[in-house]
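In: this is a predicted model, with the sequence first.
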Amino acid sequence: MTLRLLVTGAALAAATSAMAAPRGLTVEDLATMERVGSPVLSPDATRVVYTVRSTNLEKNRGNTQLWMIDLRAARPVPQQLTSHDASATDPEWSASGDAIYFTSSRSGSPQVWRLPANGGEAVKVTDLPLGVDSFRVSPKGDRLAVTLAVFRDCADLACSKQRADAQEKNKATGKVYDALFARHWDTWADGRRNVLYTVPLDAAGKAAGAPVSLSGTLDGDVTSKPFGDRGEYAFSPDGQRVVFAVRVAGKSEAWSTNFDLYEVPAAGGAAPRNLTADNPAWDTKPQFSPDGKTLAYLAMKRPGFEADRFHLVLQDVASGRKRVVAESWDRSIADYRWRADGKAILANADDVGQHRLFTIDTGSGKVSALTGKGYVADFDTRRDTVVLAHASLSGGAQLYKRALGTAGEQTGVQLTNLNAARLADVRMGEYEQFSFTGANGDTVYGHVMKPWNAQPGQKYPVAFLVHGGPQGSFGNSWSYRWNPQVYAGAGYATVFIDFHGSTGYGQAFTDSISNDWGGKPLEDLKKGLAAAAQKFPWLDTANACALGASYGGYMMNWIEGNWSDGFKCIVNHDGVFDQRGMAYSTEELWFTEWENGGTYYDNPEGYEKFNPVHHVGKWKTPMLVIQGDLDFRIPTAQALGTFSALQRRGIKSKLLVFPDENHWVLKPANSIMWHHTVIGWLDEHLKK
């Protein structure tokens, strides 16, 4: 398609949409929006490759493909690189910039493919018996690191493949376990571990030898389950070494957060060497400096606490000496990249209701913000260029480019404009951040959002959204699960508070929710809603429903018994009902043990102090209960307990169960059903 056709088509779409009457964002809009991600700059910073996910409602699944933008063009135009029924993900440039590696299952199982950057057909790089979970290309282009799920007692990959196939064909379905994890997130353990391998590449960039195991001597997963990715391992700039993060399992895996970094020759042949044995907490995301002399990584300090602050640590490769950079900067880093000159690191982190991109001087530790309001998720930097994916409460992520030397907090020049035509007639709800005095006299922040069609002088019913985590933030970002704009599109005002325990306000504020789930957070929610009502007279807080998932779902159960006159209805998704049952049935035990001050048998009072089950006698508010039956984090029995209590007390209630969803509702048709059911529940109680 020519540039002329692209411009003409966009103009026609805009003209057609301009004639349509304005409307609010719908559930279907949200489910079918294209989503941009994974920007990766070429070595010379002249091009950026990225992913775009589209949704096929008929097939009830998403499809992700690769796109590229030439940044040298006067008017950069996105160019689609791949088009296939199978997705293409995880792009990575070759060292010379002549090709793009990616993962796809177009040949039947996930394998690594290579696409010439200047045009041509993709060629399969690996043809392994097992699917590739993640990969990295050596900076020298001579080797590929891949992670595979294997049976560690098998001598080769063919053995793992044969055993996995035999398990599937076995008519007996019983599983025997002698250690935790028996199940994790949404999957029962089948005996396989994720193991890191390297594979030699020939001059054409194709696999040319048998995989060599790097982490197989360690009893742990590389990458980690359930959300680990290739950010957990890295090549040295000379391609000779690999550093990876792993939690050695043993019998304590389910209550340990002790990830360590190990170094091993990229060609194998030596046992991995532990670089962080001195830290019993979480070490992860290794990255070598451009000159290879320094290893950076993220580290927590407190064992067993998954929401501790991630500090930036620099280790001198030659001497092994370590130092924490920007110790006084009280933010927890989510991800980072070295600047090309090695003198600074770019990092993103939650920050007072935003998720901003910062630069950290590796010498002085000085931290400067590069972006202002909004949410920077993915980003990459090469030479003096940064490309970032930036979103906000007003729209999904778009790609932006900016020069590192540019002064001020800004996103830069916009490169993509996904969904412009399909949402041209959509009017988003206006939003504003506010603050108030919360528990302990601390300043607490929140956001409000108007309905899309709000009129001066009118009051609107309220959807009061409570975030999960509990160490998270419900700020200036875009979500495809809990999105205030969907409620604004349905005619509701929304209020959402970053209560005590939220991230981005300093580690002490984050810490303050542990052992106090029903204390300061509930006080903040009460005071926050009252403060919002006083500041924004268009909020009809007497006509409100509360909604939350995970910890937010716990809070819905807690509100039922401890703020029973606050709302006309409640929506509880995957919420904790009985803390004792949760303690003995959830999978990641370190979470419940940290949050409640130890194991249940050692400290039952810590669990029972804020246990919703003790307040069922005061319940009276209608509640919609939602549960994913594959949610092993907060098992289905919690939702059934909630629903049984509501039914037994004669309280109006509904139970919505998704047999094929986990802690999140991800399938497009299920997501649409979820949203319509939730908004229908609000309509029933707030729009009578």
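Out: Thanks, I have it.

In: how about the nearest residue to A669, chain neighbours excluded?
Out: N60 (4.9 Å; CB to CB, 6 or more residues apart in numbering). (Each C-beta comes from the backbone N, C-alpha and C, glycine too.)

In: and that neighbour, how many neighbours?
Out: Using other CB atoms under 10 Å, N60 has 12 other residues around it.

In: let me see the contact set for it.
Out: N60 makes contacts with K667, P668, A669, as judged by CB atoms under 8 Å, 6 or more residues apart in numbering.

In: pretty sure the last one sits in a helix.
Out: The reference is to A669. Yes: under DSSP: H, G, I helix; E, B strand; the rest coil, A669 falls within a helix.

In: that one contacts L57, correct?
Out: Yes: using CB atoms under 8 Å, A669 is in contact with L57, at 7.1 Å.

In: so what sits against both of those two?
Out: Counting by CB under 8 Å, 6+ apart, nothing touches both A669 and L57.

In: ok so, going back, for T494, see how far away the residue nearest to A669 is.
Out: From N60 over to T494 the distance is 28 Å, taken as CB to CB, to the nearest Å.

In: now flag whichever of the contacts of N60 is closest to L418.
Out: L418 lies nearest to P668 out of the contacts of N60, by CB to CB, at 17.0 Å.

In: the closest one: what's it in contact with?
Out: P668 neighbours (CB under 8 Å, 6+ apart): A31, T32, T55, N56, L57, N60, R61, G62.

In: correct me, but the last one touches R53?
Out: Yes: at 5.0 Å, G62 and R53 qualify as touching, with contact defined as CB under 8 Å.

In: for D260, name its beta-bridge partners.
Out: V246 (DSSP bridges).

In: from R114, how far off is the residue nearest to N543 when sequence neighbours are not counted?
Out: In this structure, N543 finds its nearest non-sequential neighbour in P461, 4.4 Å apart by CB to CB, 6+ apart. According to CB to CB, P461 and R114 sit 54 Å apart.

In: do W664 as well
Out: 33 Å.

In: one more: V137?
Out: 9 Å.

In: what sits in contact with each of these two?
Out: Taking CB under 8 Å, 6+ apart as the contact rule, V137 and R114 both touch S94, Y101.

In: export stretch 591-603 to CSV, keeping only CA atoms.
Out: This file holds the C-alpha atoms of stretch 591-603, laid out as CSV (Å, rounded to 0.1, in the frame of the first residue of the first chain):
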residue,chain,number,x,y,z
PHE,A,591,2.6,-13.9,49.8
THR,A,592,0.1,-14.8,52.5
GLU,A,593,2.9,-15.4,55.1
TRP,A,594,4.4,-12.0,54.6
GLU,A,595,1.1,-10.2,54.5
ASN,A,596,-0.2,-11.8,57.7
GLY,A,597,3.0,-12.1,59.7
GLY,A,598,4.0,-15.7,59.3
THR,A,599,2.3,-19.0,58.8
TYR,A,600,-1.2,-19.6,59.9
TYR,A,601,-0.2,-22.2,62.5
ASP,A,602,2.4,-19.8,64.0
ASN,A,603,0.3,-16.7,63.9
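
In: quick one: residues in contact with that stretch.
Out: With contact meaning CB under 8 Å, 6+ apart, stretch 591-603 is reached by 255, 304-306, 470, 513-515, 517, 579-580, 582-584, 586, 606-607.

In: please flag which of these sit within helices.
Out: Of these, the ones assigned to helices by DSSP state H are Q579, R580, M582, A583, Y584, G606, Y607.

In: determine which two of these are furthest apart.
Out: Y584 and G606 (14.3 Å).

In: so which of these two has more stuff around it?
Out: G606 (21 against 12).

In: from E430, how far out is that one?
Out: The value you get for G606 to E430, if CB to CB is used, is 42 Å.

In: could you do R152 as well?
Out: From R152 to E430 the distance is 55 Å (CB to CB).

In: what about V313, distance to Q433?
Out: V313 is 32 Å from Q433, by CB to CB.

In: can you check A172 too?
Out: For A172 relative to Q433 (CB to CB), the value is 57 Å.

In: between the two, which is the more surrounded one?
Out: Legend: neighbour count by other CB under 10 Å for A172 and Q433, higher for Q433 (16 against 5).

In: now the element after the helix or strand containing the more buried one, going C-ward?
Out: Secondary structure from DSSP states H and E places Q433 in strand 431-437. The helix or strand immediately downstream of strand 431-437 is strand 443-449, counting by DSSP H and E.

In: who does that next one touch, helix- and strand-wise?
Out: strand 431-437, helix 484-489, strand 493-498, helix 520-535 (3 or more CB pairs under 8 Å, 6 or more residues apart in numbering; DSSP states H and E).

In: for Y233, find the nearest of those.
Out: strand 493-498 (33.2 Å).

In: report the inter-axis angle for the closest one versus strand 443-449.
Out: With axes from the mean of the first three to the mean of the last three CA atoms, to 10 degrees applied, the angle from strand 493-498 to strand 443-449 works out at 160 degrees.
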